[in-house]
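Participant: no sequence on hand, only this structure:
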């Protein structure tokens, strides 16, 4: 692994560890916001579908802040586990799993999770998350 790849993985390891530990509270969100470039592109597999509107694509740090605020309104983190990181060049993939409880329905969504990051100068400039969208939509009711 190159030095750049090692540095990128180390940054994301810290971010994910804090995210899991904080259960997605304000401090956890703050940690992620510190890792993002101002012009970050942030995308989600659900792409703003009905019931998970917070997943609409973001094109700035301010829009990602909205993503996290809306996520927290509707969902409560049960668990978020990282299984491994794969790095090549400026890209890092996180493979893991997560569980979220929908605040209105009380239903729990469990899913494998894959996040693809591209970093530049120690900041995330591109993010795409993959998860079981059918489970999320089912839990959202």
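Facilitator: Cool, the structure landed. None of these values were measured; they are calculated from a predicted model.

Participant: correct me, but residue 130 touches residue 98?
Facilitator: No: counting by Cβ atoms under 8 Å, residue 130 does not reach residue 98; the two are 11.4 Å apart. All C-beta spots, glycine's among them, are computed from the backbone N, C-alpha and C.

Participant: just checking, what packs against the worst-scoring helix or strand of the chain on mean pLDDT?
Facilitator: Least confident helix or strand of the chain, by mean pLDDT, DSSP states H and E, is helix 26-34 with a mean of 83. Contacts defined by 3 or more Cβ pairs under 8 Å, 6 or more residues apart in numbering; DSSP states H and E place helix 26-34 against helix 3-22, helix 61-74.

Participant: next secondary structure element downstream of that helix?
Facilitator: strand 36-44 (DSSP states H and E).

Participant: go through that next one and flag the buried ones.
Facilitator: Going by neighbour count (16 or more other Cβ atoms under 10 Å), the buried part of strand 36-44 is 36-37, 40-44.

Participant: now for the closest residue to residue 29 other than its chain neighbours: which residues touch it?
Facilitator: Spatial nearest neighbour of residue 29, chain neighbours left out: residue 68 (4.4 Å); criterion: Cβ to Cβ, 6 or more residues apart in numbering. The contact partners of residue 68, taken as Cβ atoms under 8 Å, 6 or more residues apart in numbering, are 24, 29, 32-33.

Participant: out of those residues, which is nearest to residue 107?
Facilitator: The closest of the contacts of residue 68 to residue 107 turns out to be residue 24 (Cβ to Cβ; 17.3 Å).

Participant: assumed that closest one was part of a helix.
Facilitator: No: judged by DSSP: H, G, I helix; E, B strand; the rest coil, residue 24 forms no part of a helix; its state is coil.

Participant: which pLDDT value goes with it?
Facilitator: Looking at residue 24, its pLDDT stands at 80.

Participant: so which of the helices and strands packed on helix 26-34 gets nearest residue 50?
Facilitator: helix 61-74 (12.4 Å).
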